[in-house]
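# coordinates only, sequence not included:
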């Protein structure tokens, strides 16, 4: 009996460590969309964080509400203060305005907009937390046995967990249950208030037959992608595969891994060879790493520190989530569009440790670790964003290195 209790305790402890750990670990699966047959898998039941793959379930429930008549594409969804205050990536919605369901869907599949996710969650669930309970119940009913949702966006929550197998199950269910609505995931870009928002799924238009579905990234998850592609067989019948890759070290590696899994398994089914390596960025070291997904200060900003010594509390202007500009601080109506760079470090591990400790102390914000290049040398910036101005100032005063290298990053919405 004691051995049984000890075994159960170790199992629960292992599950907890996997669930709340901050170290992304690779897992993957490939399935046939129609039959659900597993073609290839690696640690497919490893518990990890979904990041913005969460929005696949958010959209599943939206499509369900559309089918049942509780929503229409023209339904105007009010934007609350809570929704407007979500950390990037976002559409920049303002509290008190309304947004159509059609725009929300486009914002979720392309921009991965967290403010739009929260708005539709509150509209359908009364509150985002209640909507998250709805998402978890739906997950269980679909056979997603290791998935728990805590929000509608995928923004960091240590108890929001899933597995590659569960995400493949969800992707398959969405395709089978809502084949007409699935077409939204093919959208490569859309216009909103004068801005073009491009889909974070960079494989669209590059991989033959690939037409969805969703990317995701937060620091605790690594780079995730659920993808689906269809090819025509010799019998003139289509064959669709779904693959899920979780915990990639960067976007380029993740994309290449998804392509490899799809191509390998299509070839095994006799559906041809489609080499597309030249279409995908091969050298992640030479290109700017792409942290544009799910709550990023900027797309791995290149450092442009002032040449002259300045007060560390003088904000450096940021056009979130675009590139850093040379303009100085302007008053912003948003309270949580501030960030801070605590310093630069020679190793990725050092930067992560520094940012992680500060994040724990602040109890607010989200970590970003951009790779900063100067000639042949590289360093890593320890950054936290999604803060108020006061929180950013506290971070610099209390938690920055003694060398006074801390810089406040000011958002310009």
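Arrived safely. Just so you know, these numbers come straight off a predicted model, no measurement behind them.
# name the element the closest residue in space to residue 398 that isn't next to it in sequence belongs to?
Excluding the flanking residues, the one nearest residue 398 by CB to CB, 6 or more residues apart in numbering is residue 361, at 7.6 Å. No exception for glycine: its C-beta is placed from N, CA and C like everyone else's. Per DSSP states H and E, residue 361 falls inside helix 348-362.
# Can you give the distance from that helix to the centre of its chain?
In terms of CA atoms, centre = their mean, to the nearest Å, the centre of helix 348-362 is set 20 Å apart from its chain centre.
# neighbouring strands for the helix or strand just after it, and are they parallel or not?
Toward the C-terminus, helix 348-362 is succeeded by strand 366-368 as the next helix or strand (DSSP H and E). Here strand 366-368 has these sheet partners by DSSP bridges: strand 377-387 (antiparallel).
# List the buried residues for the strand it pairs with?
By 16 or more other CB atoms under 10 Å, the buried positions in strand 377-387 come out as 379-387.
# Pick out whichever of those residues sits closest to residue 107.
Among the buried residues of strand 377-387, residue 386 lies closest to residue 107 (CB to CB), at 18.2 Å.
# How much space separates that closest one from residue 258?
Residue 386 sits 28 Å away from residue 258, taking CB to CB, to the nearest Å as the criterion.
# Which residue ranges of the stretch 151-300 of the chain form helices?
Along the stretch 151-300 of the chain, the segments classed as helices by DSSP state H, counting those that start in this stretch run 164-177, 251-268.
# Let me know which of those is tucked in deepest.
helix 164-177 (a mean of 23; mean count of other CB atoms under 10 Å).
# contacting residues around that helix?
27-29, 31, 33-34, 36, 41, 43-46, 50, 53, 56-57, 59-60, 63-64, 139, 142-147, 181-182, 213, 224, 226, 228, 240, 242-246 (CB atoms under 8 Å, 6 or more residues apart in numbering).
# Report the helix or strand with the lowest average pLDDT across the protein.
Lowest on mean pLDDT, DSSP states H and E among the helices and strands of the chain sits strand 316-318, with a mean of 40.
# Partner strands of the very next helix or strand once past that strand, with direction?
Where DSSP H and E defines the elements, the next helix or strand beyond strand 316-318 is strand 338-345. Partner strands and pairing direction for strand 338-345 (DSSP bridges) are strand 377-387 (antiparallel), strand 407-411 (antiparallel).
# what angle separates strand 338-345 from helix 348-362?
Per axes from the mean of the first three to the mean of the last three CA atoms, to 10 degrees, the angle that strand 338-345 makes with helix 348-362 is 140 degrees.
# buried stuff in strand 338-345?
In strand 338-345, counting by 16+ other CB under 10 Å, buried: 338-345.
# quick revisit: give me the buried subset of the contacts of helix 164-177.
Buried among these (16+ other CB under 10 Å): 27-29, 31, 33, 41, 43-44, 46, 50, 53, 56-57, 59-60, 63-64, 139, 142, 144, 146-147, 181-182, 213, 224, 226, 228, 240, 242-246.
# quick one: which of those residues sit in strands?
Judged by DSSP state E, the buried ones among the contacts of helix 164-177 include 27-29, 31, 41, 213, 224, 226, 228, 240, 242-246 as members of strands.
# Would you point out the most distant pair within those?
Largest separation among these by CB to CB: 27 and 240, giving 21.4 Å.
# which residue is nearest the centroid of the protein?
Centroid-nearest residue in the chain: residue 216, 2.8 Å away (criterion: CA atoms, centre = their mean).
# which residue sits closest to residue 34, ignoring its sequence neighbours?
Sequence neighbours aside, residue 240 is the residue nearest to residue 34 in space, at 6.8 Å (criterion: CB to CB, 6+ apart).
# Make sure that neighbour is actually in contact with residue 229.
Yes. The pair residue 240 / residue 229 is scored as a contact, 7.0 Å apart, by CB atoms under 8 Å.
# so which of the helices of the stretch 151-300 of the chain comes closest to residue 131?
With CB to CB as the criterion, residue 131 lies closest to helix 164-177 of these, at 15.9 Å.
# For the stretch 301-413 of the chain, give me the ranges with low pLDDT.
Regions of the stretch 301-413 of the chain meeting the criterion pLDDT under 70 cover residues 301-337, 364, 373-376, 401-404, 410-413.
# thinking again about what came up before, which of the ones in strands among the buried ones among the contacts of helix 164-177 sits closest to residue 161?
Distances from residue 161 to these, taken by CB to CB, are shortest for residue 246, at 10.9 Å.
# who does the closest one bridge with?
Taking DSSP bridges, one obtains residue 27 as the residues bridged to residue 246.
# Phi and psi next, for residue 124.
Here is the backbone geometry of residue 124 (degrees, to the nearest 10): phi -90, psi -30.
# Let me know how buried it is, in neighbour terms.
Residue 124 has 19 neighbours, counted by other CB atoms under 10 Å.
# residues contacting it?
By CB under 8 Å, 6+ apart, residue 124 lies in contact with 61-62, 65, 70-71, 131, 134.
# how does it look with 7 Å?
61, 65, 131 (CB atoms under 7 Å, 6 or more residues apart in numbering).
# Dump the buried residues of strand 377-387 to CSV, plus distance to residue 205.
Formatted as CSV, those follow (distance: CB to CB, whole Å):
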residue, distance to residue 205
379, 34
380, 32
381, 32
382, 35
383, 31
384, 34
385, 30
386, 31
387, 36
